[in-house]
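Participant: I'll drop the sequence and a predicted model, then ask my questions.
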Amino acid sequence: MATTLTDVARHAGVSIATASRAFGEPERLARSTRERVLRAADELGYLSSTPSTAVRTFGVIVPDIANPVYATLLKAIHGQAWHGRHRAIVFDADEDLRREREQIERARALDGFLLCSPRLADDDVRELVGEAPHVIVNRILAGSPSVVMDPEQGPTQAVEHLAALGHRHVAYASGPRGSWADDRRREAVARACERAGIRLTVLNHHAASINGGRVAAAPTVASGATAVVAYNDLVALGLESGLSELGRACPADVSIVGIDDIDLAGAANPGLTTVHMPIARCGALAVDLLLQAMVGAAPVEPVVLPSQLIVRGTTAPPAPPAPPAPPARP
């Protein structure tokens with residue numbers, strides 16, 4: 001059996017994610033670590049996704065190609081596939097469960113496929129993927145190789161940051177129904193709020209878009225929360241816009257935290273406080289794992305990449321409560 005990235009990682013004494021970085025993002029590793037991985041690869045006779053006669057065609061199924069998270073993910077997937085001249089065919093599910101089901105069935109005819117943030121239930125996904133080589137991106141499903149961006153570490157840091165600023169009532173603006181990441185992020189926020197003694201209001205599910213955030217603005221105001229953790233950056237930015245239309249300023253009246261750290265988050269004014277997710281790294285590693293899955297050598301345990309809070313301008317201490325009205329004159 002051919003040497004896999006897992007073998008290289010074990011031989012070098014590093015994680016699979018670090019081993020992948022040595023080939024896809026070498027500038028982000030310490031020189032000594034990169035050299036150790038490359039030395040291990042050389043000793044084991046491992047070739048990364050470099051040009052070879054075994055050119056593969058694989059599918060990439062995403063929930064919404066218009067979402068900049070998936071644009072970044074797809075760019076990284078195509079970039080990593082290009083090293084071996086592999087071909088990626090993109091399927092856009094458009095947040096439609098019937099369409100997602102059909103696209104998985106079509107992708108099974110290829111050499112393999114990446115299933116990104118599927119919305120279908122676990123049993124449905126297992127039935128549809130069958131024995132076809134696949135990797136699930138940003139969702140953990142027992143029995144399937146997967147790579148995920150930690151849905152707990154960064155959101156927990158977000159709540160701890162808000163608690164340190166003095167917030168005592170936080171809302172969570174939920175994302176689409178069926179989103180594994182949304183469930184885990186909401187649970188992480190709830191646990192962190194409970195530990196900090198913070199009241200949590202969970203808002204209804206909304207589209208993972210700017211418009212979805214605008215829709216969440218009125219329930220946020222009605223909740224009385226002084227801070228919001230949003231499912232993603234698009235919801236957070238739409239929420240800020242919607243709050244402004246309702247006469248509320250960010251962060252003076254309501255602090256906002258997003259998740260993903262898309263380019264627009266840093267370019268907004270004020271810059272969006274958000275949780276950085278290693279989206280490009282996730283996409284590159286997913287290709288490596290898929291190539292392993294095609295030869296029956298993908299790791300069983302999910303690969304989890306770290307998330308990290310990035311503090312910018314949309315979070316601040318809560319406004320002091322308004323002074324009580326003077327008593328009415330007799």
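Facilitator: Okay, I see it.
Participant: which residue ranges of the chain form strands?
Facilitator: Applying DSSP state E to the chain gives strands spanning 57-62, 87-92, 112-116, 134-137, 146-149, 169-173, 199-202, 227-230, 255-260, 273-276, 303-305, 308-310.
Participant: average pLDDT for the fifth one?
Facilitator: Averaging the model's pLDDT scores along strand 146-149 yields 96.
Participant: and that strand, which strands flank it?
Facilitator: Paired neighbours of strand 146-149 in the sheet (DSSP bridges): strand 134-137 (parallel), strand 303-305 (parallel).
Participant: quick one, which of the strands of the chain is packed in tightest?
Facilitator: Of all these, strand 227-230 carries the top mean neighbour count, a mean of 31, counting by mean count of other CB atoms under 10 Å. Every C-beta, even on glycine, is put in place using the N, C-alpha and C of the backbone.
Participant: what helices or strands is it leaning on?
Facilitator: helix 153-165, strand 169-173, helix 210-223, helix 233-245, strand 255-260 (3 or more CB pairs under 8 Å, 6 or more residues apart in numbering; DSSP states H and E).
Participant: so which elements touch the third one?
Facilitator: Spelled out, it's helix 210-223. The contact analysis (3+ CB pairs under 8 Å, 6+ apart) places helix 210-223 against strand 169-173, strand 227-230, helix 233-245.
Participant: if we use 6 Å, what do you get?
Facilitator: With contacts defined as 3 or more CB pairs under 6 Å, 6 or more residues apart in numbering; DSSP states H and E, helix 210-223 has these neighbours: strand 169-173, helix 233-245.
Participant: so how far is that helix off the chain centroid?
Facilitator: 22 Å (CA atoms, centre = their mean, to the nearest Å).
Participant: report the buried residues of it.
Facilitator: Across helix 210-223, burial judged by 16 or more other CB atoms under 10 Å covers 210, 212-217, 219-221, 223.
Participant: still on that earlier bit, looking at the strands of the chain, which is nearest to P68?
Facilitator: In terms of CB to CB, the element of the strands of the chain nearest to P68 is strand 255-260, at 8.1 Å.
Participant: what sits up against that closest one?
Facilitator: If you take CB atoms under 6 Å, 6 or more residues apart in numbering as the criterion, strand 255-260 is touched by 69, 158, 227-230, 232-233, 236, 239-240, 250, 265, 272-275, 277, 314-316.
Participant: contacts only, for the residue lying closest to A230 once chain neighbours are set aside.
Facilitator: Setting aside the residues directly before and after it, A230 is nearest to A236 in space (CB to CB, 6 or more residues apart in numbering), at 3.8 Å. Contacts for A236 were tallied using CB under 6 Å, 6+ apart; they are 230, 256, 258, 272.
Participant: CSV for the helices and strands packed on helix 210-223, including distance to E127 and mean pLDDT?
Facilitator: Output for the helices and strands packed on helix 210-223, formatted as CSV (distance: least, CB to CB, whole Å; pLDDT from 0 to 100):
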stretch, distance to E127, mean pLDDT
strand 169-173, 31, 98
helix 233-245, 31, 97
